[in-house]
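Participant: 3D, please:
(2 chains)
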2 protein chains.
Amino acid sequence: MIKLNPLLSILLIVLAHSLIAAPSPPKDLLSKIRDFRKAHEYKIIKEFTELLSIPNVSSDRENIRKNAVFIKKMMEKRGIKTQIMETAGNPIVFGKLDVPRATRTLMFYVHYDGQPVDPSEWTDTNPFKPALRPGKLKSGSTEPKPIPFPAQGENLNDDWRIYARGSSDDRAPIIGILSALDALKNSGFPLKNNLKFIFEGEEEAGSTNLRPFLEKHKNILKCDILFMCDGPAYYSGDPTLFFGVRGITSLEITIYGPNTSVHSGHYGNWAPNPVIRLAHLLASMRDTSGRVKIKGFYDTVVPLTNFEKEALKAIPSYENSIKEIYGFPEAENNWGSLMEAIQFPALNINGIQSGWVGKQARTIVPPEAIAAVDIRLVKGNDPDEMAEKVINHIKAQGYHVVEKDPDQKSRMKYGLIAKVRRSERGYKAARTPMDLPLSKLVIKSLTAHSEKKPVLLPSLGGSLPIYMFNDILHVPIIGVPIANHDNNQHQPDENIRIGHLWTGIETFAAILMLGEE
Amino acid sequence: MIKLNPLLSILLIVLAHSLIAAPSPPKDLLSKIRDFRKAHEYKIIKEFTELLSIPNVSSDRENIRKNAVFIKKMMEKRGIKTQIMETAGNPIVFGKLDVPRATRTLMFYVHYDGQPVDPSEWTDTNPFKPALRPGKLKSGSTEPKPIPFPAQGENLNDDWRIYARGSSDDRAPIIGILSALDALKNSGFPLKNNLKFIFEGEEEAGSTNLRPFLEKHKNILKCDILFMCDGPAYYSGDPTLFFGVRGITSLEITIYGPNTSVHSGHYGNWAPNPVIRLAHLLASMRDTSGRVKIKGFYDTVVPLTNFEKEALKAIPSYENSIKEIYGFPEAENNWGSLMEAIQFPALNINGIQSGWVGKQARTIVPPEAIAAVDIRLVKGNDPDEMAEKVINHIKAQGYHVVEKDPDQKSRMKYGLIAKVRRSERGYKAARTPMDLPLSKLVIKSLTAHSEKKPVLLPSLGGSLPIYMFNDILHVPIIGVPIANHDNNQHQPDENIRIGHLWTGIETFAAILMLGEE
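Facilitator: Prediction:
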């Protein structure tokens, strides 16, 4: 028997404990992660900009594959067992990090492809030559001009931004998660959850091959919880989790007048004006305060739980700044806060077109008027059923509803004809209850290791096909958005704010440590 | 004293009568004109197609001048004293034919310029290589194919059509009037009215230089009556006179939402949707039956006289065929016949635009929605006053009305902003009373020498700046439209139906003989 001195025995106990159970992460996890980041900014940014330099437009299959290969290397450097898995379209990078004795598996979804780019629309920089600007590009300006990336040992300012396609949407979480892993390792926080990573390469092209992939590989994709790492954090920039997304379905409504443009002098007051008809139809759908008047439109909404309502109430109000940013003094209706408003289904007129306006305007009665409409769905709304309600409303206004342009016979038979095309069949909303044990664990970990109280959103306003993962994986899904809200997603001059990237690393570190207290 | 035999004395009386007073035109004037035309179709069509072969787009100043020179020669061949008179833009061809002892001067207005052309949009023919088709081009088809123009001695079928820019609008009346002169001369009907001709070269470019021309030359333009030879005859194809035109003014209304497109998911239900706002606004302007609901919109309308009302009632109904042609079973409202409906002011939505539709559709709340509106005015309506009524209506809906895009400060001050731009200041309507002595003489002559009862329209639905002639010349103005209503005016495949051209020649012959019974 060996006698140990007291100090050594304490050390051994600590050691034993670390082998059989997770150590409580020190209260200063946040500061350790931050220290690591501050010491490694040069390296993090270097790796990130190397990734951002690879063009990632979904349709550019050659470069998409280069992204996949690069990301695989990034993951392997962190000891993640990674493979490039083929689909009928772009490959999915799948990674796995098994942790001895871990009982829980966290899976992270990110997409590495980006929206198409028109370099000529970018302000002085190239979408695939990442540029650092000491602030946000002023609207309609070329200021502030790009500056050199800092040298090793220099730090970046939180308000600086990197401009590149995919810098926010959605390659930021890749560097975010992997840097969080580095920071945890370097700071001596051993992982206690198994990790899986599914990095998609064609989200911006509609995720056409994702469902078959999930179905085919559902065994290797087994996990306890899925984190969707996409989208912007709340306006405040505080760590954000979202527990759901709205669903969507889209319609296009065409209303007919004469079968060709007719002279508004010869026929004005007599030939039916399709714009006026469409105006009355649209006005019948929503009142001036924005409430949808379509019968049953709100009937199937699953009400928020008290937990969700409380979470909404706790969200700091940014409405006034958002209104200021977008230049309107009053929101459309009296739903309450923006975050409350998006918990309800919406009927959005995305566009309308008939004849010409401006210099092209012609004095005609145009032959048709077209409105593009999307319906944002919340939990409980079925896309087909909601579209059907709109169609029934149109019928109730006296319209004969068709799916194709009417022929002469139909035109002469029906006075009022509406063509309704389901432009996107769409998909359901998804909402993970915030009070599931795993949800609570995530909230707890992020709350414990964040400087600010996390923003908890029952649902984002936007739509993601989360239902697809729900249908196949049957696990809770929680969103972890880290980008700045003003990242110019899908537009020229996409960017990420440095401070948001740093907060993102801290957020991922807290989530990776889930359940470790 | 010389004794004469009875036959000679009768001849002398006839001769004397012919020197001191107009002979009653024989009852068979119509058949003589028709006989002449039948015998000279080859020559008429040859001269006409030579004219139509000269490009006549208003902006093509070189070719426009070639038109003027060619027309001058055509006129001089008929003994008309002609000069090419300069304006700041395209020249006006002015002609004068003095008739000994005539006490009345008739002036004819025609324009020889045409709308722009895109030859690629024409069906297998060139806008300036006149083509003869044995019938009307079937919609969306290349049939019937062009056929050679008949050789000398061959006749044309009434239903054949000549396809060329300006074949109807408005070079047809030039050949119509000049052929009528030939026919009268050849058939032994001496003219008894002085004639003047004013052939404009930039009507399709807005007649910018017409008013200064009229003002400068009002002395040489003196006349007793002006015939505006433009536009299509009534649908029946019967000889047509119009006594007025509607005026016009145009507005463009812009309604604002957020100052940039925002994501319809993130902001749908909260950011104000400008399309819905505009839809409510437009719907508030006109009810579903097409009646304008703007306060005072109909207040200043000068009611039709009984004479005019009777004329309207006498017009044969072609509404069912027009509805069939344009593919709608019911007219917009309950004004009565088409010709009755256009005696009222109209508020036409010419076009509307916001965001995108179709394949370009994006799931956004668009920043603005724009409607192009024209107001057709009738006698009594002042353009400014009518536009003001629309603007007042918009204000009454709660909008702050501006003339320029609002800045951020205005946006934040006013919830509802409408930009209203008077896109065309416009001009008043004009309506010559049908029961003026001269009006009655014209009606009488055309009635006496037509096969069908002439169609008498108190006002056309379209707009022409007739007020300009009214203001300066102060004479009755009557319109003589001869083109087929389906002439594709201003569009590709403009054409004239041969039968309409022939009726046009007969109509002009009857008008030239005005007062001769």
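
Participant: Look at residue A:353 and tell me its secondary structure.
Facilitator: strand (DSSP: H, G, I helix; E, B strand; the rest coil).

Participant: who touches it in this structure?
Facilitator: Listed by CB atoms under 8 Å, 6 or more residues apart in numbering or on different chains, the contact partners of residue A:353 are A:369, A:370, B:352, B:353, B:354, B:356, B:357, B:358. From N, CA and C alone the C-beta is placed, and that goes for glycine too.

Participant: can I assume residue A:502 sits in a strand?
Facilitator: No. Counting by three-state DSSP, residue A:502 is not part of a strand but helix.

Participant: What sits closest to it if chain neighbours are left out?
Facilitator: Excluding the flanking residues, the one nearest residue A:502 by CB to CB, 6 or more residues apart in numbering or on different chains is residue A:37, at 5.9 Å.

Participant: Surely that neighbour touches residue A:176?
Facilitator: No. Assessed by CB atoms under 8 Å, residue A:37 is found out of contact with residue A:176, at 10.6 Å.

Participant: Could you name every residue contacting both of those two?
Facilitator: The contact sets of residue A:37 and residue A:176 overlap at residue A:505 (CB under 8 Å, 6+ apart).

Participant: So between these two, which is more surrounded?
Facilitator: Using other CB atoms under 10 Å in any protein chain shown, the more surrounded residue of residue A:37 and residue A:176 is residue A:176, with 29 against 21.

Participant: What sits closest to the more buried one if chain neighbours are left out?
Facilitator: The nearest residue in space to residue A:176 (CB to CB, 6+ apart) is residue A:504, at 3.9 Å.

Participant: show me the contacts for that neighbour.
Facilitator: By CB under 8 Å, 6+ apart, the residues touching residue A:504 are A:172, A:173, A:176, A:233, A:482, A:483.

Participant: for chain A, which helix is longest?
Facilitator: As assigned by DSSP state H, the longest helix anywhere in chain A is helix A:29-52.

Participant: Mind telling me which residue is nearest the centre of chain A?
Facilitator: By CA atoms, centre = their mean, chain A has its centre lying nearest to residue A:231, at 3.2 Å.

Participant: In contact with that one, which residues?
Facilitator: By CB under 8 Å, 6+ apart, the neighbours of residue A:231 are A:169, A:242, A:460, A:462, A:464, A:479, A:481, A:483.

Participant: Residue A:83 too?
Facilitator: A:72, A:93, A:94, A:95.

Participant: sorry, back to before: can I get the CA coordinates of the next helix or strand after the longest helix of chain A in CSV?
Facilitator: Downstream of helix A:29-52, the first helix or strand assigned by DSSP states H and E is helix A:61-77. This file holds the C-alpha atoms of helix A:61-77, laid out as CSV (Å, rounded to 0.1, in the frame of the first residue of the first chain):
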residue,chain,number,x,y,z
ARG,A,61,-20.1,22.6,-57.8
GLU,A,62,-16.3,22.6,-58.2
ASN,A,63,-15.7,25.3,-55.6
ILE,A,64,-18.4,23.9,-53.3
ARG,A,65,-16.3,20.7,-53.2
LYS,A,66,-13.3,22.8,-52.3
ASN,A,67,-15.2,24.2,-49.4
ALA,A,68,-16.1,20.7,-48.3
VAL,A,69,-12.5,19.5,-48.5
PHE,A,70,-11.2,22.6,-46.6
ILE,A,71,-13.8,22.2,-43.9
LYS,A,72,-13.0,18.5,-43.6
LYS,A,73,-9.4,19.5,-42.9
MET,A,74,-10.5,22.1,-40.4
MET,A,75,-12.5,19.4,-38.6
GLU,A,76,-9.8,16.8,-38.7
LYS,A,77,-7.3,19.2,-37.1
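
Participant: Return the angle between stretch directions for the helix or strand just after helix A:61-77 and helix A:61-77.
Facilitator: Counting by DSSP H and E, the next helix or strand C-terminal to helix A:61-77 is strand A:81-85. Strand A:81-85 runs at 170 degrees relative to helix A:61-77, counting by axes from the mean of the first three to the mean of the last three CA atoms, to 10 degrees.

Participant: Dump strand A:81-85 to CSV, keeping only the CA atoms.
Facilitator: The C-alpha trace of strand A:81-85 is given here as CSV (Å, rounded to 0.1, in the frame of the first residue of the first chain):
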residue,chain,number,x,y,z
LYS,A,81,-13.6,12.0,-37.6
THR,A,82,-14.9,13.5,-40.8
GLN,A,83,-16.2,12.3,-44.1
ILE,A,84,-17.4,14.0,-47.3
MET,A,85,-20.7,12.2,-47.9
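
Participant: Thought residue A:28 was touching residue A:189, still the case?
Facilitator: No. With contact defined as CB under 8 Å, residue A:189 does not reach residue A:28; the gap is 10.8 Å.

Participant: Comparing these two, which residue is more hemmed in?
Facilitator: Neighbour count, other CB under 10 Å: between residue A:189 and residue A:28, residue A:189 has more, with 20 against 12.

Participant: Tell me the secondary structure of the more buried one, please.
Facilitator: coil.

Participant: Give me the pLDDT value at residue A:516.
Facilitator: pLDDT recorded at residue A:516 is 62.

Participant: burial of the nearest residue to residue A:405 once chain neighbours are set aside, as a residue count?
Facilitator: Distances taken as CB to CB, 6+ apart place residue A:419 nearest to residue A:405, at 6.3 Å, with adjacent residues excluded. Residue crowding around residue A:419 was assessed by other CB under 10 Å; the count is 19.

Participant: Which strand residues bridge residue A:419?
Facilitator: residue A:254, residue A:402 (DSSP bridges).

Participant: Residues of the stretch 401-517 of chain A that sit close to chain B?
Facilitator: A:408, A:411, A:412, A:413, A:414, A:415, A:423, A:460, A:461, A:462, A:463 (CB under 8 Å from any CB of the partner chain).

Participant: Show only the entries of the residues you listed found in strands.
Facilitator: Judged by DSSP state E, the subset of these located in strands is residue A:423.

Participant: Let's have the residues of the stretch 401-517 of chain A next to chain B in JSON lines, adding distance to residue B:305, neighbour count and pLDDT.
Facilitator: Listed next are those as JSON lines, based on distance: CB to CB, whole Å; neighbours: other CB atoms under 10 Å in any protein chain shown; pLDDT from 0 to 100:
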{"residue": "A:408", "distance to residue B:305": "39", "neighbour count": "11", "pLDDT": "95"}
{"residue": "A:411", "distance to residue B:305": "37", "neighbour count": "21", "pLDDT": "97"}
{"residue": "A:412", "distance to residue B:305": "36", "neighbour count": "15", "pLDDT": "97"}
{"residue": "A:413", "distance to residue B:305": "40", "neighbour count": "12", "pLDDT": "97"}
{"residue": "A:414", "distance to residue B:305": "39", "neighbour count": "19", "pLDDT": "96"}
{"residue": "A:415", "distance to residue B:305": "34", "neighbour count": "15", "pLDDT": "92"}
{"residue": "A:423", "distance to residue B:305": "54", "neighbour count": "18", "pLDDT": "82"}
{"residue": "A:460", "distance to residue B:305": "67", "neighbour count": "26", "pLDDT": "92"}
{"residue": "A:461", "distance to residue B:305": "62", "neighbour count": "24", "pLDDT": "93"}
{"residue": "A:462", "distance to residue B:305": "64", "neighbour count": "23", "pLDDT": "89"}
{"residue": "A:463", "distance to residue B:305": "63", "neighbour count": "25", "pLDDT": "88"}
